[in-house]
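In: Predicted structure and sequence below. I'll ask about it afterward.
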Amino acid sequence: MPYTRSKLPQNVVSIIEEENWSSEQIDVFISVANAMINENPDEEGKAIASGISRARQMKKIDKSEFEILNKKTEKNFIKATVYESNLYVCKSTGLYFTVCLDCNAPQYITESSDGYCKNCNSKLGDAHGDLVMAEDIEEMQSLYMKNINDKILSLNNIIKSLLSGEEFDLMEYIKSARHHVGLNHTNFSDGNGYLIESHCVFDKFTAFGDEYEKCVWKVAFIVSNEIFEKVKDGDILGYSFGGKGFRQPINKQTSKFKETKTDE
């Protein structure tokens, strides 16, 4: 059955009470568990375990995902991680592999892989089970900023309006052009923050005896006093840029991408 706030497994209810989950953590559990059950109704146990794991990770995000910038200013600055790569090609074998978010164990994506960690049984990939390579994260960040700049700097529309004698409100145009961001992957609205920084950083790690680079997309925002306090209190644990993409299945035997694309 689909889980709701009023219909949860008893063991999850006990965990929520013992660990004092936030409403956002409960929503994450429901979203992850229901999505996995829809994909495979016979794996309800694994769906529950993965939902619990993702909800618990939000507590970790409270310290690592958001960094409050202590600056002597009236502005409220926050830094956040939008996305980080989780799919790599092994230098020695040429096969794809990922690293479990829960136990940090690297493992190949092989024909026998079922999407779960062989070490701790957590679901691999992001909250949707998707795996993304570093170059794709870089491209997403570049396109995101290009989209914002193209909208704000489309001077042709401004000039045409001015030359034609039409009334033109520059600030309203900029406001409408700005890309909205979501709080906790929902609630996309104009007042969630103003983007002031966006870039990718690279963290090195070792797997299977070789060194690799993980691409991490970082952003910084100026936010209202209300949102700033919610971030510090742990009520807001994630920003979302509201992107859409295509799922591209992996041919696990040859480690090459299949040609067919599936709309997400």
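Out: Happy to help now that I have it.

In: surely residue 193 meets residue 227?
Out: Yes. Applying CB atoms under 8 Å, one finds residue 193 in contact with residue 227, separated by 6.7 Å. The way it works is simple: take the backbone N, C-alpha and C, and place the C-beta from them, glycine included.

In: In a strand, residue 21, correct?
Out: No. Under DSSP: H, G, I helix; E, B strand; the rest coil, residue 21 falls outside any strand and is assigned coil.

In: Which residue lies closest in space to it, excluding its sequence neighbours?
Out: residue 55 (6.4 Å; CB to CB, 6 or more residues apart in numbering).

In: My guess is that neighbour contacts residue 30. True?
Out: No. Applying CB under 8 Å, one finds residue 55 not in contact with residue 30, separated by 9.1 Å.

In: who's more crowded, the two?
Out: Taking neighbours as other CB atoms under 10 Å, residue 55 and residue 30 compare with residue 55 leading, 25 against 19.

In: Is the more buried one in a helix, a strand, or coil?
Out: Assignment for residue 55 (three-state DSSP): helix.

In: Which residues are in contact with it?
Out: 21, 25, 26, 28, 29, 32 (CB atoms under 8 Å, 6 or more residues apart in numbering).

In: Check those and tell me the two furthest apart.
Out: 21 and 32 (13.5 Å; CB to CB).

In: Look at the two and report which has more neighbours.
Out: Remark: of residue 21 and residue 32, residue 32 carries more neighbours, 23 against 20, as counted by other CB under 10 Å.

In: With residue 18 as the reference, measure out to the more buried one.
Out: 19 Å (CB to CB, to the nearest Å).

In: Same check on residue 103?
Out: Taking CB to CB, one finds residue 103 at 22 Å from residue 18.
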